[in-house]
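Engineer: output the structure for:
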Amino acid sequence: MKKYLNIIILSSLFSIGFEAINIFNSPSDLALSGAGIASKELIYNSPAIPKVPSSILSFSTNRWVQNFTGNSFTFSSGQYRLRFNSIGVDDINVYDDIPSESPLDVISSHYLAFGLSKSYKLDNYILGVGSNLQYTQLFTENKFAISFDLGLKKNISDKLRAGILIENLSYNIELPQNSSLGLSIYSEKIQTEILFDYNYSSIHNNGLHLGVINKNKYLTLNFGYSLYESRTTMSSGIKFTIKEKYKFIYSILSLENSNLGLSHYFGLEISI
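Structural biologist: Coordinates of the predicted model:
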C-alpha cells in the first residue's frame, strides 16, 4: 500500500535528511541569518576562528519552525572548536493514498552532527579546517556521512576583513554544498560590525546575507537578513553579559511569506 507524508513543512521547507545541515547551529548564526564568515570575533560559523582569550562553553535549545526542536553545544579553546548539533521531529503523521481523519502511523526523523575544527594563524590570514561526523534518521532510513569544511579569513586592515568558506566536502555520500564569500566592516567608534556575504547553496542557489553586530560591555545586539529566490529570512538577537563570564542569548528568525511560524534559539555562553 503506497503511503505518503501529510506534513506541510516537509514539502515547503525541506525534509530532515542531510538537508538539515543548513539549519543554523547557534543562536548567533540564527540572529544574523547566517551572515558573518568574515567576522572579527564570531567562532560558530566558520572553522577559521580567531584565537579566543579564554575557553568558551556554549549551550542552546532550539525551536525551529513548526514542531522541529533541537540542541547545540560548542566548546572553544585556543584555536580549537568542538561542537554538537541536533534537530528532529517526533510526530509526523503517515496517511494512505485516500485521506482520512486518522493517520496509519506516527513516525519521527532526526539529524545529529559532531564536529572538530582547528585554525592556524598565518601572518594576516586565519586558515581553518573542520571535520564532521553526521547522522540522519530519515523516516525508516539511517545514513552516516563524514564531511570537511575549509575557511579562510584575511585581515585587510583594522576596519576591513574578507572571508571564504566551503562546507560539506564529502567523499562517501553526496551532501548539500555551500560556498560563501564574505566581507566585514568594523567601526570602533560605534562598536559596530557590518557583514556582507554572498552564498551559493546547492539547495537554494545564489543568495545574499546581511548582518549587523553592535557590541558594548554588557549588551550585544544582532540583526540579520538573507535573500534567496526560494526564501527570505529576517532575524535579530540579544546577548546579555553578566560579570564578563556568563552571557545569556535569545535569537528569533522569521521565514518571510510563509505560514511556518518563527524560530527561537535560547543560549548560554560561559567563559572558563
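Engineer: verify the stated contact: residue 36 with residue 194.
Structural biologist: No: when contacts are counted by Cβ atoms under 8 Å, residue 36 is not listed as touching residue 194 (10.3 Å). For every residue, glycine as well, the C-beta is placed using N, CA and C.
Engineer: so which of the two has more stuff around it?
Structural biologist: residue 36 (30 against 15; other Cβ atoms under 10 Å).
Engineer: and the more buried one, what pLDDT?
Structural biologist: Note on residue 36: pLDDT of 92.
Engineer: pLDDT on stretch 225-234, on average?
Structural biologist: 89.
Engineer: what residues of it count as buried?
Structural biologist: 225, 226, 228, 231, 232, 233 (16 or more other Cβ atoms under 10 Å).
Engineer: how far does that stretch sit from its chain's centre?
Structural biologist: Mean C-alpha position of stretch 225-234 versus that of the full chain (Cα atoms, centre = their mean, to the nearest Å) differs by 15 Å.
Engineer: likewise stretch 121-132?
Structural biologist: Distance, centroid of stretch 121-132 to centroid of chain: 19 Å (Cα atoms, centre = their mean).
Engineer: what's that stretch in contact with?
Structural biologist: The contact list for stretch 121-132 (Cβ atoms under 8 Å, 6 or more residues apart in numbering) reads 46-51, 79, 81, 113-120, 145-156.
Engineer: same thing with stretch 175-187?
Structural biologist: 18-19, 21-22, 35-40, 134, 145, 147, 158-168, 192-203, 209.
Engineer: want to throw the buried residues of stretch 225-234 into JSON lines with distance to residue 249 and secondary structure?
Structural biologist: Putting the buried residues of stretch 225-234 into JSON lines (distance: Cβ to Cβ, whole Å; DSSP: H, G, I helix; E, B strand; the rest coil) gives the following:
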{"residue": "225", "distance to residue 249": "19", "secondary structure": "strand"}
{"residue": "226", "distance to residue 249": "19", "secondary structure": "strand"}
{"residue": "228", "distance to residue 249": "25", "secondary structure": "strand"}
{"residue": "231", "distance to residue 249": "24", "secondary structure": "coil"}
{"residue": "232", "distance to residue 249": "23", "secondary structure": "strand"}
{"residue": "233", "distance to residue 249": "18", "secondary structure": "strand"}
